[in-house]
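In: Predicted model and sequence below, questions to follow.
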Amino acid sequence: MKKISWKIISLLIITILISWTSFTGSGYNIQKPTATFVLPDILHEISGLTSIDNNTFACIQDENGIIFIYDIALNKIIKQYNFKLDGDYEGISKVGTTMYVLRSDGVLFEFLNYQSPDFKLKTYATGIPANNNEGLCYDVSSNMLLIANKGKMSKGKEYKDKRAIYGFDLKTKKLIQKPVYEFDVNVVKKYAIDNKIKVNTKARKGENPEPFIKFMTSAIAIHPFSKKLYVLSAADHLFFVFNQNGSIDHMESLNANTFNKAEGITFLDNGDMLITNEGQQKKPTFLRFNYNAKLQKKTIQPFGKKNI
């Protein structure tokens, strides 16, 4: 009886340890794209993308109300859907046959049956506290759109170093008031110091240089396998992976020559990652990174979870 009890206890312990096991690292060699493609000039200010399948993605650019469908193999635009509303568009996400587009002021545009010539357009004033938002993706596990603040999460000096990602519930079509993720720029700086990550520095007169990180989110995406949050900060040339607790799993500096202004990120069904760069003084590009599970390592994660 005692032997059976110990066997059961041992199995329980193993099960718990497995449930705590997670992976750190990004799963990609971010310094060496598998392939680099130059985009057409009409996408000079490409500012968001979302995968459709392993061959195509949808994207938008800053100013014009057009959804572009891009064929990866052919390396060209194959379709355009013009919704004829100019604005500062900063994110796009596909959910089934519906496409969502984020305007920087937090307004969401919903395109039902976007491939249909008579698609229906709805708008949602989310009421998100931040007035500058740049990053949109779909979290299938919670059936929410995640909306990232580019700068501080709300008005007031106390929010100077606070960043947030909010959830827009697709069932109720309402913003969840409590942020799903909250970040502190000072925690990010400490992580960079502790892990000796090369970042921009700034020194006050008579003081030693210290990390200078703005942590201004430019794009977000949920990984299809790990379900972790991938974040780009174009202003800092930084790439992050956050676990479901909202803690940093991975942080890496980006080569400014390769990532002149990374403002879009998405994943294909096979795990490959796509990142797009605005043109600025160069040509706009999209970069492909093949997924490599060997570039991740197992760790034991503590209890905890993101805000839901």
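Out: Structure's in. What do you need? These figures come from a predicted structure and were not determined experimentally.

In: what about the nearest residue to residue 155 once chain neighbours are set aside, neighbour count?
Out: Spatial nearest neighbour of residue 155, chain neighbours left out: residue 129 (7.5 Å); criterion: C-beta to C-beta, 6 or more residues apart in numbering. Placement of C-beta: from N, CA and C, glycine included. Using other C-beta atoms under 10 Å, residue 129 has 18 other residues around it.

In: Looks to me like residue 129 is in a helix.
Out: No - secondary structure of residue 129 (DSSP: H, G, I helix; E, B strand; the rest coil): coil, not part of a helix.

In: shouldn't it be in contact with residue 151?
Out: No - using C-beta atoms under 8 Å, residue 129 is not in contact with residue 151; the gap is 11.3 Å.

In: Report the central residue of the protein.
Out: Nearest to the geometric centre of the chain sits residue 220, at 1.0 Å (C-alpha atoms, centre = their mean).

In: re earlier: ok now do the residue nearest to residue 155, which residues does it touch?
Out: Shown in contact with residue 129 (C-beta atoms under 8 Å, 6 or more residues apart in numbering): 153-155.

In: is it possible to export those to JSON lines including pLDDT, neighbour count and distance to residue 207?
Out: As requested, those are exported to JSON lines (pLDDT from 0 to 100; neighbours: other C-beta atoms under 10 Å; distance: C-beta to C-beta, whole Å):
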{"residue": "153", "pLDDT": "76", "neighbour count": "19", "distance to residue 207": "28"}
{"residue": "154", "pLDDT": "71", "neighbour count": "15", "distance to residue 207": "30"}
{"residue": "155", "pLDDT": "74", "neighbour count": "10", "distance to residue 207": "30"}
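
In: Columns distance to residue 57 and secondary structure on top of those residues, output as a markdown table?
Out: Output for these, formatted as a markdown table (distance: C-beta to C-beta, whole Å; DSSP: H, G, I helix; E, B strand; the rest coil):
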| residue | distance to residue 57 | secondary structure |
| --- | --- | --- |
| 153 | 29 | coil |
| 154 | 32 | coil |
| 155 | 35 | coil |
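
In: tell me which of those residues is nearest to residue 191?
Out: Set against residue 191, the nearest of these by C-beta to C-beta is residue 153 (19.0 Å).

In: Skipping adjacent residues, who's closest to that closest one in space?
Out: residue 164 (3.8 Å).

In: and if you look at residue 151?
Out: residue 132 (5.1 Å).

In: cool, and residue 94?
Out: Nearest residue to residue 94 in three dimensions, chain neighbours excluded: residue 50, at 4.6 Å (C-beta to C-beta, 6+ apart).

In: ok, the one you found to residue 31 distance?
Out: Per C-beta to C-beta, to the nearest Å, residue 50 is found 25 Å from residue 31.

In: who has more neighbours, those two?
Out: Neighbour tally, residue 50 and residue 31, criterion other C-beta under 10 Å: the higher count belongs to residue 50, 26 against 12.

In: so what's the more buried one scoring on pLDDT?
Out: At residue 50, the model reports a pLDDT of 97.

In: Tell me which residues touch it, please.
Out: So residue 50 contacts 57-59, 92-94, 99, 137-138, 266 (C-beta under 8 Å, 6+ apart).

In: In three-state terms, label it for me.
Out: Residue 50 ends up strand, using three-state DSSP.

In: Any stretches of the stretch 51-200 of the chain with poor pLDDT?
Out: Of all residues in the stretch 51-200 of the chain, none has pLDDT under 70.

In: what about residue 136, how many neighbours?
Out: For residue 136, using other C-beta under 10 Å, the count is 26.

In: any idea how far residue 162 is from it?
Out: Noted for residue 136: a distance of 20 Å to residue 162, by C-beta to C-beta.

In: Go ahead and confirm the residue nearest to the centre of the chain touches residue 135.
Out: Yes - the pair residue 220 and residue 135 qualifies as a contact (C-beta under 8 Å) at a distance of 4.1 Å.

In: who touches both of those two?
Out: Joint contacts of residue 220 and residue 135 (C-beta under 8 Å, 6+ apart) are 146, 148, 165, 231.

In: could I get these as JSON lines with neighbour count?
Out: Converted to JSON lines, these look like this (neighbours: other C-beta atoms under 10 Å):
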{"residue": "146", "neighbour count": "23"}
{"residue": "148", "neighbour count": "29"}
{"residue": "165", "neighbour count": "27"}
{"residue": "231", "neighbour count": "25"}
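
In: tell me the mean pLDDT over stretch 233-246?
Out: 94.

In: Equivalent analysis for stretch 252-271, please.
Out: Here the average pLDDT along stretch 252-271 is 95.

In: let's have the chain start at 47 instead
Out: Fine by me, first position is 47 from now on; the one you just mentioned is stretch 298-317.

In: Just the buried residues of it, please?
Out: Residues of stretch 298-317 classed as buried: 298-300, 304-314, 317 (neighbour count, 16 or more other C-beta atoms under 10 Å).
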